[in-house]
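>>> dropping the sequence and predicted coords here.
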Amino acid sequence: MGLSETLEEYFGVAEHGSDVGTETVAGVTTFLAMSYIILVNPFILAEAIDVSGYSELQVIQMIAIGTIIASAVAILVMAFYANRPFALAPGMGLNAFFAYTVVLGMGIPWETALAAVFVEGIIFIAITAVGAREYVIRLFPEPVKFAVGAGIGIFLLFIGLLEMSIVIPDEETAVALGGIATNPAALLGLLGLFVTFVLWARGVTGAIIVGIVATTVLGWFAYFTGLAGTSVLPAALVGEGGELSFAVVSSPQYDISPLLFAFVDGLQDVDPFTFTLVVFTFFFVDFFDTAGTLIGVSQFGGFLDEDGNLPDIDRPLMADAIGTTVGAIVGTSTVTTFIESSTGVEEGGKTGLTALVVGVLFIASLVLIPVIAMIPAYASFIALVVVGIIMLQGVLDVDWHDPAWAVSGGLTITIMPLTYSIANGLAAGIIAYPIIKAATGELEDVRLGQWLMSVVLVGYFYVYTSGMLG
């Protein structure tokens, strides 16, 4: 029996209506869509992690290796244990909270911040093992479950357009249309986006991969032939002052011993109250981020049952928990399921073989980081815009004539992109559901657990927005 047949049998590829070729294309697509984390995460965390005796460049390299290791471990657990086409890595937003709020803002040592992530991971492993995490997710109101896919779609669309500079921040109107005509990167990204749309509309297999690669090749051709300015270069390759920093990707720092088990030192002499608040925040954001992503991508892929639940959700949740724990050990922030997994699902990924391909590519990136770095943001984020638009079909699953569904589902969808957080969108929808149900005289439809969850989430919002975290 050949390798292809072995993989097909192990993952039950045929039983899920897929094939090895489709799963492989799906895995490559997901990897291309999320590979930016290998370079972006180290640059963010290096702002806060200062290792004595090592330069910032060396620390960045260490964190890059830690990012790859944590991601690969979590993804392989997802592949072989959960058999789902989802990929994981240190979460954007959670890494910024780690660096800018906890370490730089609150003055907490980075080792202690890693300890908080480790404790969070252990808690997740424990509550996932006993089924508590799955129980809480099953308490999510139906409108939240069915609206989360569309919410993630708008969120992906917004992120993609921002990263491609098609939409830009604006002091007066919050956001505005970017200077596309004068920005070579935005212009190339927009061109690549429409090429990808055309390929997808015509049913071309691997349309997203073709779009990303074609845009990348065109961008580098434009740069090296002098047809465009330096703004075409990937942001990850440009250091302070605009100089190229190829050393970051061409000579990786494989010795990560200064980061290994550094969290153990962070457990000493901690302030119990502050430490608990940090763990609490990491826990809540990761819990609802992961839950929202799993449900949203599963809805998009048709993996949910008739009640809007993902069968055996405890298995992908365990991958997230193990990834977070391993991440803290090797020196990176909370690992979570990536919304970019939806790009692979769009390409037909249905089993853990898709995740296995992503995991193998992460491992391979230990020596192929220079190749990954050649994919500029304006090319890789094409995937998010395309999939974001496709995921908008989720709004059809919401009963907009029912007040509780309309308010809860509407808040879930809109709060995600407006606050740049899947967790906030879920929380807003969960809080609103019992209130509107009570207002319409349908109290019998609300479970006690849903009321309790709403109260706890109100407490979370208070802690998070009151300044208690610095």
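Thanks, I have it.
>>> which of the residues in whichever strand or helix holds residue 287 are buried?
Secondary structure assigned from DSSP states H and E places residue 287 in helix 272-301. Residues of helix 272-301 classed as buried by neighbour count (16 or more other CB atoms under 10 Å): 274-275, 277-301. For glycine as for every other residue, the C-beta is placed from the backbone atoms N, C-alpha and C.
>>> which secondary structure elements does the helix or strand just after it contact?
Using DSSP H and E, the next helix or strand after helix 272-301 towards the C-terminus is helix 314-330. If you count contacts as 3 or more CB pairs under 8 Å, 6 or more residues apart in numbering; DSSP states H and E, helix 314-330 packs onto helix 56-77, strand 88-90, helix 110-129, helix 132-138, helix 272-301, strand 335-337.
>>> tabulate the ones you listed (TSV), appending mean pLDDT and distance to residue 198.
Output for the helices and strands packed on helix 314-330, formatted as TSV (pLDDT from 0 to 100; distance: least, CB to CB, whole Å):
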stretch	mean pLDDT	distance to residue 198
helix 56-77	91	31
strand 88-90	96	30
helix 110-129	96	42
helix 132-138	91	38
helix 272-301	87	22
strand 335-337	94	30
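>>> JSON lines please, covering the ones you listed and showing distance to residue 366.
Below are the helices and strands packed on helix 314-330 laid out as JSON lines (distance: least, CB to CB, whole Å):
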{"stretch": "helix 56-77", "distance to residue 366": "6"}
{"stretch": "strand 88-90", "distance to residue 366": "14"}
{"stretch": "helix 110-129", "distance to residue 366": "22"}
{"stretch": "helix 132-138", "distance to residue 366": "31"}
{"stretch": "helix 272-301", "distance to residue 366": "26"}
{"stretch": "strand 335-337", "distance to residue 366": "17"}
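>>> go through the ones you listed and name the closest to residue 318.
Distance to residue 318, taken as CB to CB, is lowest for helix 110-129 among the helices and strands packed on helix 314-330, at 5.0 Å.
>>> flag every buried residue along the closest one.
Going by neighbour count (16+ other CB under 10 Å), the buried part of helix 110-129 is 110-121, 123-125, 127-128.
>>> give me the low-pLDDT residue ranges for the chain?
In the predicted model of the chain, residues 1, 226-253, 369-374, 469-470 satisfy pLDDT under 70.
>>> list the contacts of the residue nearest to the spatial centre of the chain.
Central residue of the chain (CA atoms, centre = their mean): residue 338, 3.0 Å from the mean position. With contacts defined as CB atoms under 8 Å, 6 or more residues apart in numbering, residue 338 is in contact with 30, 34, 37, 86-89, 91, 293.
>>> one more time with 10 Å
With contact set as CB atoms under 10 Å, 6 or more residues apart in numbering, residue 338 has these partners: 30, 33-34, 37, 71, 75, 86-92, 289-290, 293, 297, 344, 358.
>>> just give the number of residues close to residue 306.
Residues near residue 306, counting by other CB atoms under 10 Å, number 5.
>>> how much space separates it from residue 141?
For residue 306, the distance to residue 141 equals 16 Å [CB to CB, to the nearest Å].
>>> residue 105 too?
For residue 105, the distance to residue 141 - CB to CB - is 34 Å.
>>> more neighbours, these two?
residue 141 (27 against 13).
>>> show me what contacts that one?
Residue 141 neighbours (CB under 10 Å, 6+ apart): 147, 308, 404-405, 408-409, 412, 429-430, 432-434, 436-437, 445-447, 450, 453-454.
>>> try residue 379
Applying CB under 10 Å, 6+ apart, we find residue 379 in contact with 32, 164, 185, 188-189, 192-193, 196, 211-220, 234.
>>> try residue 303
For residue 303, the contacting residues are 16, 84-86, 294-295, 297, 309-311, 313, 345, 350, by CB under 10 Å, 6+ apart.
>>> with only the CA atoms kept, save stretch 299-309 in CSV.
Taking C-alpha atoms only, stretch 299-309 is exported to CSV below (Å, rounded to 0.1, in the frame of the first residue of the first chain):
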residue,chain,number,x,y,z
GLN,A,299,-20.6,26.0,9.5
PHE,A,300,-18.9,27.2,6.3
GLY,A,301,-17.7,23.6,5.7
GLY,A,302,-21.0,21.9,6.5
PHE,A,303,-19.5,20.1,9.5
LEU,A,304,-22.2,21.2,12.0
ASP,A,305,-25.2,19.0,13.0
GLU,A,306,-28.8,20.2,12.8
ASP,A,307,-28.5,21.9,16.2
GLY,A,308,-25.5,23.9,15.1
ASN,A,309,-23.0,21.8,17.1
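>>> neighbours of residue 70, how many?
Neighbours of residue 70 (other CB under 10 Å): 29.
>>> I'd assumed residue 324 was in contact with it.
Yes: when contacts are counted by CB atoms under 10 Å, residue 70 is listed as touching residue 324 (8.1 Å).
>>> any shared contact partners between these two?
By CB under 10 Å, 6+ apart, the residues touching both residue 70 and residue 324 are 88, 90, 332-335.
>>> pipe these into TSV and attach neighbour count and distance to residue 422 per row.
Supplementary listing: the shared contacts of residue 70 and residue 324 in TSV, determined by neighbours: other CB atoms under 10 Å; distance: CB to CB, whole Å:
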residue	neighbour count	distance to residue 422
88	33	14
90	30	15
332	34	20
333	34	16
334	28	13
335	31	15
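>>> going by distance to residue 389, which of those wins?
Distances from residue 389 to those, taken by CB to CB, are shortest for residue 88, at 24.2 Å.
>>> ok, the closest one to residue 94 distance?
Residue 88 sits 12 Å away from residue 94, going by CB to CB.
>>> what do those two both touch?
Jointly contacting residue 88 and residue 94 under the rule CB under 10 Å, 6+ apart are 324, 335-336.
>>> distance to residue 155 for the residues you listed - can I get that in JSON lines?
Listed next are these as JSON lines, based on distance: CB to CB, whole Å:
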{"residue": "324", "distance to residue 155": "21"}
{"residue": "335", "distance to residue 155": "19"}
{"residue": "336", "distance to residue 155": "14"}
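>>> nearest to residue 462, of those?
residue 336 (23.4 Å).
>>> count the neighbours of the closest one for me.
Residue 336: 27 surrounding residues under other CB under 10 Å.
>>> cool, and residue 151?
Residues near residue 151, counting by other CB under 10 Å, number 30.
>>> please apply the same query to residue 130.
Neighbouring residues of residue 130 were enumerated by other CB under 10 Å; the total is 10.
>>> which ones are touching residue 102?
Neighbour list for residue 102: 48, 96, 108-110, 112-113, 116-117, 274, 277-278, 281-282, 333, 469-470 [criterion: CB under 10 Å, 6+ apart].
>>> buried sites along stretch 319-327?
Within stretch 319-327, the residues that count as buried by 16+ other CB under 10 Å are 319-327.
>>> quick one on the thing from earlier: how about JSON lines for the contacts of residue 303, with distance to residue 389 added?
Output for these, formatted as JSON lines (distance: CB to CB, whole Å):
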{"residue": "16", "distance to residue 389": "25"}
{"residue": "84", "distance to residue 389": "24"}
{"residue": "85", "distance to residue 389": "20"}
{"residue": "86", "distance to residue 389": "21"}
{"residue": "294", "distance to residue 389": "21"}
{"residue": "295", "distance to residue 389": "19"}
{"residue": "297", "distance to residue 389": "15"}
{"residue": "309", "distance to residue 389": "26"}
{"residue": "310", "distance to residue 389": "23"}
{"residue": "311", "distance to residue 389": "28"}
{"residue": "313", "distance to residue 389": "27"}
{"residue": "345", "distance to residue 389": "15"}
{"residue": "350", "distance to residue 389": "21"}
